[in-house]
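A.B. asks: Let me see the structure of the following:
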Amino acid sequence: MRIGQYEFKSRIFLAPMAGITDQPFRRLCSQLGAGLTFSEMMSTNPDVWHTEKSKLRLAHHRDIGVNAVQIAGADPTEMAEAAKVNVAYGAEIIDINMGCPAKKVNKKMAGSALLREPKLVENILKAVVNAVDVPVTLKIRTGWDLENRNCLEIAHIAEQSGVSALTIHGRTRSCLFEGVAEYESIKAVKQAVSIPIIANGDITSAEKAKEVLDYTGADAVMIGRGAYGRPWLFKEVNDFLEHGAYSSLSLDNKCHLMLRHVADLHQFYGEEKGYRIARKHVGWYSENLLPGSNFKRTFNALDTTKAQIKALEDFVESLLIG
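C.D. replies: Purely as a prediction, here's the structure:
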């Protein structure tokens, strides 16, 4: 799998997700086999480029590999400038968000709202591609709603504009995250264009990843919510694709990864923010490790990193003994 000058050994990618794909999580997923990971979405508003929050979102680590940064906006000139700024900060791939269904993003004509304006899509893509010397990728949905699926049209525009790869989430904006992903639209796009296509949506197991790759003919798959509390999913998928089988990590190894992830979050964000960021991840881990447990509620009441680590160690000990 290639994007521009970059070749990836694994064609299982981690999706860009606001509030999730920070440096600690991207690093962990990369170490477990994610071929490419993307930063959280960056605004094109220059007022926020140099804030502490933006610096944390852009923080990279050599263990992560290629530094791919996602940007969102609706003005071609601003998007081009944002791309140049991020490349200057170290971005090696610029990804453009035209798939986010969030109302606060769509109200600004950004994210999936742009799918209703193909000419504006073209202007943005050409502006960004011409502004930087790194590969530019695009992430979209199949359309604005079920009556207006236009992913084929957008894919042709992307290809003609010089986009290096296209990710398609198999839902329209109106579907949000409900229902079942429509892989037939991704298959149709793959057959219609020559640029690499990355399939996204409902990929929650190694078997599903292979099924989607086989059915759509996509060059790669992108995992989003399926990796919540399960970063080892990337290892399982890679093993299954390579060997036709995989072994789940032991409970002990999964617990070790959880503890390491939380310790990294504490170190990365510091005492004041680290314990708050850790809560959602531990909620997902605990639900995967011990479904139906009340540990999440107990953990969310803790307000220091030290108390969190002690509670996690006790939780792990009870899991391993039980």
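
A.B. asks: Break the chain down into its domains, please.
C.D. replies: 2-243, 251-321 (the TED database).

A.B. asks: need the least confident one among these, by mean pLDDT.
C.D. replies: With a mean of 92, domain 2-243 has the lowest mean pLDDT of the domains of the chain.

A.B. asks: Just the terminal-to-terminal distance for that domain.
C.D. replies: Its start and end residues considered, domain 2-243 measures 22 Å (Cα to Cα, to the nearest Å).

A.B. asks: Out of the domains of the chain, which one sits most buried?
C.D. replies: When you average the neighbours per residue for each of the domains of the chain (mean count of other Cβ atoms under 10 Å), domain 2-243 leads with a mean of 20. From N, CA and C alone the C-beta is placed, and that goes for glycine too.

A.B. asks: chain center to that one, what's the gap?
C.D. replies: 7 Å (Cα atoms, centre = their mean, to the nearest Å).

A.B. asks: Kindly report the same for stretch 247-256.
C.D. replies: Chain-centre distance of stretch 247-256: 23 Å, with Cα atoms, centre = their mean.

A.B. asks: Quick one: end-to-end length of it, please.
C.D. replies: 17 Å.

A.B. asks: ok, residues contacting it?
C.D. replies: By Cβ atoms under 8 Å, 6 or more residues apart in numbering, the residues outside stretch 247-256 that reach it are 232, 235-236, 239, 257, 285, 288-289, 316, 319-320.

A.B. asks: got CSV for these, with distance to residue 204 and secondary structure too?
C.D. replies: Below are those laid out as CSV (distance: Cβ to Cβ, whole Å; DSSP: H, G, I helix; E, B strand; the rest coil):
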residue, distance to residue 204, secondary structure
232, 13, coil
235, 15, helix
236, 11, helix
239, 16, helix
257, 18, helix
285, 16, helix
288, 11, helix
289, 16, helix
316, 24, helix
319, 22, helix
320, 26, helix
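
A.B. asks: From the residues you listed, pick the one nearest residue 74.
C.D. replies: For the contacts of stretch 247-256, the residue nearest residue 74 by Cβ to Cβ is residue 285; the value is 36.5 Å.

A.B. asks: The closest one reaches residue 227, doesn't it?
C.D. replies: No - the criterion here is Cβ atoms under 8 Å, and residue 285 misses it with residue 227 at 11.4 Å.

A.B. asks: Who's the closest spatial neighbour of residue 233, skipping the chain neighbours?
C.D. replies: The shortest distance from residue 233 to any non-neighbouring residue, by Cβ to Cβ, 6 or more residues apart in numbering, is to residue 227 (5.5 Å).

A.B. asks: I'd say that neighbour and residue 236 touch.
C.D. replies: No - at 10.9 Å, residue 227 does not count as touching residue 236 under the criterion of Cβ under 8 Å.

A.B. asks: and residue 201, what is it in contact with?
C.D. replies: Contacts of residue 201 (Cβ under 8 Å, 6+ apart): 169-171, 181, 183, 224.

A.B. asks: redo that, cut-off 6 Å
C.D. replies: Residues near residue 201 by Cβ atoms under 6 Å, 6 or more residues apart in numbering: 169-170, 181.

A.B. asks: And for residue 195?
C.D. replies: By Cβ under 6 Å, 6+ apart, the neighbours of residue 195 are 159, 165-166.

A.B. asks: Next one: it from residue 161, what distance?
C.D. replies: For residue 195, the distance to residue 161 (Cβ to Cβ, to the nearest Å) stands at 10 Å.

A.B. asks: Repeat that for residue 264.
C.D. replies: Residue 264 is 38 Å from residue 161, by Cβ to Cβ.
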